[in-house]
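Trainee: below are the sequence and a predicted model; questions follow.
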Amino acid sequence: MRELKIINAFLVNDGKISKEDIHVVGNKIVKIGNCIKSSDNAEVFDATGKYVFPGLIDDQVHFREPGLTHKATIETESKAALAGGITSFLEMPNTNPQTTTIKEWEFKNKLAEKTSYANYGFMFGGTNNNLDQILKLDSKRVPALKLFLGSSTGNMLVDNPEVLKNIFENTDLVIAVHCEDETTITNNLKAAKVKYGENIPIEQHPEIRSENACYLSSSQAISLAKQTGARLHVFHVSTAKELSLFRNDIPLKDKKITAEVCIHHLWFNSKDYKTKGTLIKWNPAIKTLNDSEALWDGLNSGLLDVLATDHAPHTIKEKLNSYNKAPSGGPLVQHSLPALLTAYHQKRISLEKIVEKACHNPAILFDIKNRGYIREGFFADLVIIDLDKKHTVNKKDLLYKCGWSPFEGTTFKGIVEKTLLNGQWAYNQGKVLPKSAAMALIFDR
Ligand code: DOR
């Protein structure tokens with residue numbers, strides 16, 4: 001069996017940084033500690049001066065397959081994920097057809113088995129009329145049920161209160177929710193149309209998809225979860241106000257209500273609409289500087305549990321439409337970790353906290369088997385990081401099918417040098433290596 005020894009690295013794991021070697025045999029880590037660097041047939045990688053993280057687990061990506069392959073494919077975006085140190089992803093059901101039947105869900109898995117370069121899991125989409133399917137899902141293979149409680153790309157709004165209550169009462173799965181109140185948004189949009197006609201400025205996006213729209217929807221979902229005992233995960237929290245809905249006084253494994261924050265809501269703020277325009281149009285919208293500062297605090301204090309991307313590519317032609325026509329979302333998987341490493345240099349977050357929120361916590365929250373930590377017996381999903389190297393994001397280096405990034409021109413400090421996937425090198429200094437080792441994630445429930 002293939003053996004690899006990564007020696008002299010700074011491991012960032014389990015709340016500490018320590019200088020240790022990692023011995024990999026086949027697809028697993030067999031030993032952490034002093035490796036004998038010797039005589040055997042093992043490949044030795046000397047990581048002196050480098051940092052090693054567990055592979056990141058991104059709990060919210062849109063890879064657009066099937067049906068929206070002019071924007072992205074599982075193959076193109078999973079390659080970009082590896083370049084960004086993301087070794088496992090959970091993908092969303094708003095494809096075409098939507099992943100709202102077991103047949104479509106199985107089809108997506110088959111597609112990924114053939115084409116994904118990274119480890120994969122697919123969320124199942126709830127609708128106003130598919131409870132029969134939800135109740136038949138295999139919780140060892142389905143990471144969670146995704147519900148759009150506000151409309152976004154793909155028309156998957158679940159707006160029947162009876163149905164919602166039924167779903168919350170009857171599923172044991174984690175329910176991951178997109179929270180924005182539809183009535184509030186519709187009214188705000190109507191008012192903006194009266195004021196601006198067809199030329200609504202992008203700066204109005206956070207007024208239309210407002211703080212109140214987020215707060216109202218998140219608080220309603222949380223009330224329903226409390227009332228029914230459901231296990232709720234609130235996706236992409238974007239406002240300071242919503243933080244009051246979450247707790248940081250109990251361990252993650254005991255929480256029934258958890259929250260995710262995404263890199264764009266941390267990195268950008270409403271002042272950036274002026275230069276980036278509709279390229280940073282997201283649902284939920286990027287809000288004020290005060291909100292993004294509060295989100296960093298919420299992440300550090302434990303109110304927010306998971307750091308993800310909500311990677312949601314659209315073509316540049318689609319994105320450069322006028323406010324009303326431009327779709328929401330943008331590509332992020334290749335640059336989320338470099339942005340976080342840059343934030344570390346800016347003293348916003350520690351390396352240990354990045355690893356906790358982007359590696360350990362998604363594994364705990366979704367019961368992902370043997371991943372998310374650098375641990376003996378766990379899969380060897382690892383990221384080798386050069387913490388001091390700078391890199392300016394340039395169109396020619398983008399691996400996204402859509403060929404653009406909201407970070408173009410940004411210089412990051414801290415880069416992904418290599419990514420190891422299930423014991424095999426999968427990315428090395430700008431190059432994705434031939435597909436070999438990707439696996440379906442297993443949920444240990
Ligand atoms: O901005 C977004 N884009 N938010 C979502 O919830 C969906 C996503 C997409 O699929 O385009």
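Mentor: Noted; the coordinates are in hand. Numbers count the residues shown, from 1 in each chain.
Trainee: kindly provide the distance from Glu408 to the ligand.
Mentor: Glu408 sits 18 Å away from the ligand, going by C-beta to the nearest ligand atom, to the nearest Å. Glycine gets a C-beta too; all of them are placed from N, C-alpha and C.
Trainee: so what's that residue closest to, chain neighbours aside?
Mentor: Val393 (5.3 Å; C-beta to C-beta, 6 or more residues apart in numbering).
Trainee: and that neighbour, how many residues sit next to it?
Mentor: 18 (other C-beta atoms under 10 Å).
Trainee: quick one, what contacts it?
Mentor: Neighbour list for Val393: 335, 405, 407-412 [criterion: C-beta atoms under 8 Å, 6 or more residues apart in numbering].
Trainee: quickly run through the sheet partners of the strand or helix carrying His233, with directions.
Mentor: In this structure, His233 sits in strand 232-234 according to DSSP states H and E. With DSSP bridges as the test, strand 232-234 is paired with strand 175-178 (parallel), strand 257-262 (parallel).
Trainee: mind putting the ones you listed into a markdown table with distance to Ala438?
Mentor: Below are the strands paired with strand 232-234 laid out as a markdown table (distance: least, C-beta to C-beta, whole Å):
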| stretch | distance to Ala438 |
| --- | --- |
| strand 175-178 | 22 |
| strand 257-262 | 23 |
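Trainee: circling back: contacts for the strand holding His233?
Mentor: So strand 232-234 is contacted by 59, 144, 174-177, 179, 218, 221-222, 225, 242, 245-246, 256-260, 306, 365 (C-beta under 8 Å, 6+ apart).
Trainee: do it and the ligand meet?
Mentor: No: counting by C-beta under 6 Å from any ligand atom, the ligand is not contacted by strand 232-234; separation bottoms out at 12.6 Å.
Trainee: show me the one of the strands paired with strand 232-234 that comes nearest the ligand.
Mentor: For the ligand, the closest of those is strand 175-178, at 5.0 Å, according to C-beta to the nearest ligand atom.
Trainee: check which helices and strands the top helix by length along the chain sits against.
Mentor: The helix that spans the most residues within the chain, counting by DSSP state H, is helix 211-228. The contact analysis (3 or more C-beta pairs under 8 Å, 6 or more residues apart in numbering; DSSP states H and E) places helix 211-228 against helix 161-170, strand 175-178, helix 182-196, strand 232-234, strand 257-262.
Trainee: mean neighbour count and mean pLDDT added to those, as CSV?
Mentor: Rendered in CSV, the data for the helices and strands packed on helix 211-228 read as follows (neighbours: other C-beta atoms under 10 Å; pLDDT from 0 to 100):
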stretch, mean neighbour count, mean pLDDT
helix 161-170, 16, 96
strand 175-178, 25, 98
helix 182-196, 14, 97
strand 232-234, 25, 98
strand 257-262, 23, 99
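Trainee: columns distance to Ala358 on top of the ones you listed, output as JSON lines?
Mentor: Shown next, in JSON lines, are those (distance: least, C-beta to C-beta, whole Å):
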{"stretch": "helix 161-170", "distance to Ala358": "28"}
{"stretch": "strand 175-178", "distance to Ala358": "16"}
{"stretch": "helix 182-196", "distance to Ala358": "30"}
{"stretch": "strand 232-234", "distance to Ala358": "15"}
{"stretch": "strand 257-262", "distance to Ala358": "11"}
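Trainee: so what's His345 up against?
Mentor: His345 is in contact with 413-414, counting by C-beta under 8 Å, 6+ apart.
Trainee: do Pro327 as well
Mentor: 153, 281, 314, 318-319, 321 are the contacts of Pro327 under C-beta under 8 Å, 6+ apart.
Trainee: what about it, which SS state?
Mentor: Assigned by DSSP: H, G, I helix; E, B strand; the rest coil, the conformation of Pro327 is coil.
Trainee: look up phi and psi at it.
Mentor: When read as degrees, to the nearest 10, the backbone of Pro327 gives phi -70, psi 160.
Trainee: and if you look at Arg348?
Mentor: phi -90, psi -30.
Trainee: state the distance from it to Val177.
Mentor: Using C-beta to C-beta, to the nearest Å, Arg348 is found at 27 Å from Val177.
Trainee: how many neighbours does the residue in the stretch 1-150 of the chain that the ligand sits nearest to have?
Mentor: At 4.1 Å from the ligand, His62 is the closest residue in the stretch 1-150 of the chain, using C-beta to the nearest ligand atom. Using other C-beta under 10 Å, His62 has 25 neighbouring residues.
Trainee: wait, it sits on Ser328?
Mentor: No: using C-beta atoms under 8 Å, His62 makes no contact with Ser328, being 10.7 Å away.
Trainee: so what sits against both of the two?
Mentor: When C-beta under 8 Å, 6+ apart defines a contact, the residues bordering His62 and Ser328 alike are 153, 312.
Trainee: chain neighbours aside, what residue packs nearest to the residue in the stretch 251-400 of the chain positioned nearest to the ligand?
Mentor: With C-beta to the nearest ligand atom as the measure, Gly329 is the residue of the stretch 251-400 of the chain nearest to the ligand, at 3.0 Å. Distances taken as C-beta to C-beta, 6+ apart put Ala312 closest to Gly329, at 2.8 Å, once the chain neighbours are dropped.
Trainee: again with Lys140
Mentor: In space, Lys140 is closest to Phe443, 5.4 Å off (C-beta to C-beta, 6+ apart).
Trainee: for this structure, give me the ranges with low pLDDT.
Mentor: Confidence mapping of the chain against pLDDT under 70 gives the ranges 36-39.
Trainee: contact residues of it facing the ligand?
Mentor: 62, 94, 152-153, 178, 282-283, 312, 327-329.
Trainee: with distance to Val163 added, can I get the residues you listed in CSV?
Mentor: Formatted as CSV, the residues of the chain next to the ligand follow (distance: C-beta to C-beta, whole Å):
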residue, distance to Val163
His62, 24
Asn94, 18
Ser152, 18
Thr153, 21
His178, 16
Trp282, 27
Asn283, 22
Ala312, 25
Pro327, 26
Ser328, 25
Gly329, 26
